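Q: Pasting the sequence and the predicted coordinates here, then a few questions.
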Amino acid sequence: MSTAPTSLDAARAKQLSAEFGLKADEYDRVLSILGRTPSLTELGIFSVMWSEHCSYKSSRVWLRTLPTKAPWVIHGPGENAGVIDIGDGLAAIFKMESHNHPSFIEPYQGAATGVGGILRDVFTMGARPIANLNALRFGAPEAPRMKRVIDGVVRGIGGYGNSVGVPTVGGEVNFHPAYNGNPLVNAMTVGIAPKDRIFLSAAAGIGNPVVYVGSKTGRDGIHGATMASAEFSADSEEKRPTVQIGDPFTEKLLIEACLELMATDMIVAIQDMGAAGLTSSSVEMAGKGGVGIELVMDNVPQREQGMTAYEMMLSESQERMLMILKPGREAEAQAIFHKWELDFAVIGHLTDTGHIVIRHKDVVEADIPLAPLESEAPLYRRPTAETPKRAVLDAAAIADPVGPLAALETLVGSLDLCSRRWIWDQYDSTVGGQTVKRPGGADAAVVKLDGLKRALAITTDCTPRYCQADPEAGGAQAVAEAWRNLTAVGATPLAITDNMNFGNPEKPEIMGQFAAAVRGMAAACTALDFPVVSGNVSLYNETEGRAILPTPAIGGVGVLEDAAHAVGLALTPGLDLVLVGATQGWLGQSLWLREIAGREEGAPPPVDLAVERRNGDFVRARILEGQVAACHDLADGGLLVAVAEMAMADGTGATLAAPPAGQAPHGWWFGEDQGRYLLAVTDGAALVAAAQAAGVPAAIIGRSGGGDLVLADGSSISVASLRMAHEATLPALMEGRAA
Amino acid sequence: MNAVIIVFPGTNRERDMAIALERASGRKPTLLFHRADALPAGTDLVVLPGGFSHGDYLRSGAMAAQSPIMQAVRDFAAKGGHVLGVCNGFQILTEAGLLPGALLRNATLRFLSMDCHMRVERSGTPYTAHWQKGAVFRAPMAHGDGNYFCDDETLARLNGEGLVAFRYSTPAGEITDAANRNGARQNIAGILSPNLRICGLMPHPEDLVDPLMGGTDGLPMFTSLVESLATA
Amino acid sequence: MKALVTVMPKAGVLDPQGKAIGHALSSLGFAGVADVRAGKVIELELAETDPAKAKAAAEEMARKLLANTVIESFRVEVV
Amino acid sequence: MKALVTVMPKAGVLDPQGKAIGHALSSLGFAGVADVRAGKVIELELAETDPAKAKAAAEEMARKLLANTVIESFRVEVV
Ligand SMILES: Nc1ncnc2c1ncn2[C@@H]1O[C@H](COP(=O)(O)OP(=O)(O)O)[C@@H](O)[C@H]1O
Ligand SMILES: [Mg+2]
């Protein structure tokens, strides 16, 4: 047994524990586990491991209720990323992760290191990353610092992803004042690996070497995980020295070196050093494997002079990994890392003590039993308060102040609907040579698998204004929209990852939002056979007591057996436009209501999951039969916006039939009823007949051609002028220039 | 065609390039890590692909230009070998002095990732044989430093000797400022060495060689090479 | 009057550029380079003719725009 | 011994960064900024203790790697 570490002075320890974010009762638990006052390093380890970020203490009871299984799920939540079988002997490995707080403090580096972190979660399992996506929520552009945040975040995502050579193929962006002090940056990575060569993190083999690879350790981001678990206040700017700098070049080398090592049989277990760096990786690897671990800090590659054990254990320096090697293979493994000019150091070994022991300069700095560190981690079932239901609005009772075409022109230029080209033009979306559908080309990105016909479809979705009004309906809608977007390109949806962004969970109304969103998501995942295989929770997204909109971002992955089946959304001339799905004219929480009528009101559109599935399965079958030239799901902005988006994609207009008798026209054109698709086909009548036979509502609503959108009353607007409005917004906002 | 693609630390478009070369030639190119100090015997095309060699942390391509393998590439070029540099590869060729000029930050100061159109300014070279002079083709570009610069004297020589291979243009082939997104001198997208055997360009024809990825506009460059090298 | 604003990564902040340059120098065979830091320099041609005022103005510009004080420090020289 | 290598765009070479900074400064309300040039500075920590030799070494590094003399000029200071 090692000698016990030097305890802090009892009063000092108690005060520090509060500064590190431990509650009084949590600290008492630390005392009882150790049977003594902790050392500084021990206190640091407890506080980060028990932070919201690492322990999921507020969210775990709810997350457990999500469906996570399906025959094609290989590894669900609990690993570094989710793993699903996609056929041809391959697995897709994917996850989404937030970097919200760091991106507000230092937008470029915050977003860049967010991308770096999620890439590591994926390649640590043996996958070559093949696609990145990003789900962003910004405040009102005129809010203080917001343009700099937008600019920095977009540059940072591009700067990192472009350099590592992983194409950024999609994402989403919303703007709302609720994010003024707390923007959201959620990054998703999808990778591919042979399905029988997945690398896990459970350590095994007493005596096996613990190996550190990648960049050197500096004093970056110490207590980043605890910071990500606390609300923002005016003085959080002072926490700035914890900012981490991303080094995509080193990450690229790390990817290549790890994949080269993974092609051998030397690795027992591997995990990236993410939040709480060396602490969380070593504790989790040893904990999962039920073994002890002993680390010698003197051997940790260090970038700075005089670093203490506490600093090294808590550093969040980027581009580092921890692995357990088979014994005697160190030299071989080292040669690979030296070829790629990366640090490689044996920093410890596995033990049979069940403890984590940290030594530095011949002194034991920490000695903690791992079992209670995990099993006695705080777990809260926090009080919840339901969000009051909102009234269902009747479209006919809402005046239309401007008419459909004027509303359309305003809507396509509005912040939530305008072209995202200014953003994706800064992202390399083609590197790899496999991008079948780039941003803007289809409802989901489509990336082919090198050398195969098979392709993955990928999307991220969430409509936070729906979630705010009704978190349960909003949670279900987010999952359904992801499923719909995959379906709309012809893919079979397989599984999701999620990123739960909410406010302070200690407030019952926020915890209520969380619980309701999970309920809605779970129902949708079950009904759509679309399990959750990985995810991330980001709480305390509040500034001075004001919470963000509840934002359960969903990242969906689906498969196409043949990439050639994928359809995009661009109209070409001479096609019938068929609307699939029923339209009641749901204006509650619609963008029309907000942007045109100036009201953020009402219940959001409900999602009928059985109908969702039936309509989607019908549409996908038609796409796979090759009957569909273009397809677009109806989402934000409703039918007329969807027509306009399909028209703007390639400059082809359309002539549209009048709204059905008895429907309020603005409800018809702009209602956001769910479960709908717009298909462009050569034979609309045949499609409608097939839909009828399948019990799916469908109707021909127009025909493509010309350069204008023409309504039944003869009024029209040119696609060119819509495009101008659509493309102008972000360039004007961000650079004061025309598109 | 025995093509060798050099992989520097940070190179990231080597696979794209390999796919395009294989598609055109039916033969897999060799990927060669930058530490090598010689090219494989029988090499008849060296390709420096896109990416961020050494992170492009000092200047794009500056550190890669000093790699051990670059001496072998210089010798190969001096003996009349064919060398293609795309994007980061073009930057490396200028940093290594194998092509004149330099690639500055894009005038917009932003990374530019989008399809662009280029007009073929010289046909009948190993890289452009399958295009007519004046033909326009499309290719993705993806770079932060693609703003081609050279001094007036060099520019006059490039123009005078017909060494400008490609210029950014509109889809109709007009050479306009709006088509010149990165701010290059006289819309220059790609240039040739005096013996026409070294070519550097910023956009990525290798990413547009398959209808599934949106077209085959980039393919003629590779089929030109295959044919020229077969008869060379 | 000319002001030179030199912006460097703060001590302790990772400097991937400097690291890479140091690496490249050593592989080029330059020995004895212990450490490399890479920064920016911005030369401002100012109308101001009073050195103290010019310096103050340049410092203000550095704080507001030229340096990202979260991760960078700066110094101003007037020449 | 420390050497500072300052690398600036040559006269006549486009300096988009300098231009953008000038533009941003004026939109932030800074008046009297006639011209802005943006360059790089590389701080080298050298083992060499003789100032003349250190300077010569740094100049050699600049010529070989740190500056691209097609577009940039450099100066070396030893401190
Ligand atoms: N942050 C982003 N990065 C890259 N692409 C984006 C981003 N935001 C949106 N996009 C792309 O813009 C297009 C339109 O996005 P969105 O309006 O959210 O689509 P939909 O409503 O059909 O889900 C999609 O192709 C999407 O991938
Ligand atoms: Mg979407």
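A: Looks like it came in fine. Ligands and ions are numbered 1, 2, ... in the order given.

Q: now the helices: where do they sit in chain B?
A: B:14-25, B:68-78, B:88-95, B:152-160, B:219-231 (DSSP state H).

Q: closest one to ligand 2 among those helices?
A: Checking the helices of chain B against ligand 2 by Cβ to the ion gives helix B:14-25 as the closest, at 27.2 Å. Every C-beta, even on glycine, is put in place using the N, C-alpha and C of the backbone.

Q: How about residues contacting the closest one?
A: For helix B:14-25, contacts defined as Cβ atoms under 8 Å, 6 or more residues apart in numbering or on different chains pick out A:430-433, A:450, B:1, B:3, B:5, B:7, B:27-29, B:31, B:47, B:49-51, B:86, B:204-207, B:209-210, B:218-219, B:222-223, B:225-226.

Q: Can I have the buried ones of the residues you listed as a PyMOL selection?
A: With 16 or more other Cβ atoms under 10 Å in any protein chain shown as the criterion, this PyMOL line picks the buried residues out of these:
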select buried, (chain A and resi 430+431+432+433) or (chain B and resi 1+3+5+7+29+31+47+49+50+51+86+204+205+206+207+209+210+218+219+222+223+225+226)
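
Q: Just name the shakiest helix or strand of chain A by mean pLDDT.
A: Taking mean pLDDT, DSSP states H and E as the measure, the helices and strands of chain A show their lowest mean at helix A:224-227, namely a mean of 58.

Q: Quick one: mean pLDDT for the helix or strand that it is followed by?
A: Counting by DSSP states H and E, the next helix or strand C-terminal to helix A:224-227 is helix A:248-262. Averaging pLDDT along helix A:248-262 yields 97.

Q: Quick one: name the residues of chain A near chain B.
A: Within chain A, the positions lying close to chain B (Cβ under 8 Å from any Cβ of the partner chain) are A:155, A:158-159, A:162-165, A:247-250, A:252-253, A:339-341, A:424-436, A:438, A:448, A:450, A:563-564.

Q: out of those residues, which are buried?
A: When the residues of chain A next to chain B are checked for burial by 16+ other Cβ under 10 Å, the buried set is A:155, A:158-159, A:162-165, A:247-250, A:252-253, A:340, A:424-436, A:438, A:448, A:563.

Q: wait, residue A:215 sits on residue A:317?
A: Yes: between residue A:215 and residue A:317 there is a contact at 5.9 Å, judged by Cβ atoms under 8 Å.

Q: quick one, phi psi at whatever residue of the stretch 301-450 of chain A ends up closest to ligand 2?
A: In the stretch 301-450 of chain A, the residue that lies nearest ligand 2 is residue A:443 (6.4 Å; Cβ to the ion). The phi and psi values for residue A:443, taken as degrees, to the nearest 10, are phi -70, psi -30.

Q: ok so, going back, which of the buried ones among the residues of chain A next to chain B are close to ligand 1?
A: Among these, the ones lying near ligand 1 by Cβ under 6 Å from any ligand atom are A:424, A:427.

Q: Inside strands: which ones of the buried ones among the residues of chain A next to chain B?
A: Among these, the members falling in strands (DSSP state E) are A:435-436, A:448.

Q: Report the contact partners of residue B:35.
A: Residue B:35 is in contact with A:339, B:67-69, counting by Cβ under 8 Å, 6+ apart.

Q: picking that back up, return every residue with contacts to both of residue A:215 and residue A:317.
A: With Cβ under 8 Å, 6+ apart, residue A:215 and residue A:317 have common neighbours A:303, C:14.

Q: per-residue pLDDT, residue 24?
A: I'll assume chain A. 95.

Q: was after chain C, sorry
A: In this prediction, residue C:24 carries a pLDDT score of 92.

Q: list the contacts for it?
A: Counting by Cβ under 8 Å, 6+ apart, residue C:24 touches B:54, B:58, B:62-63, B:66, D:65.

Q: Quick check: what element follows the helix or strand containing it along the chain?
A: Secondary structure from DSSP H and E places residue C:24 in helix C:16-27. As assigned by DSSP H and E, the chain's next helix or strand after helix C:16-27 is strand C:33-46.

Q: what about residue 44, how many residues close to it?
A: In the absence of a named chain, chain A is used. Other residues within reach of residue A:44, judged by other Cβ atoms under 10 Å in any protein chain shown, total 26.

Q: Can you look at chain C instead?
A: Look at residue C:44: counted by other Cβ under 10 Å, it has 29 neighbours.
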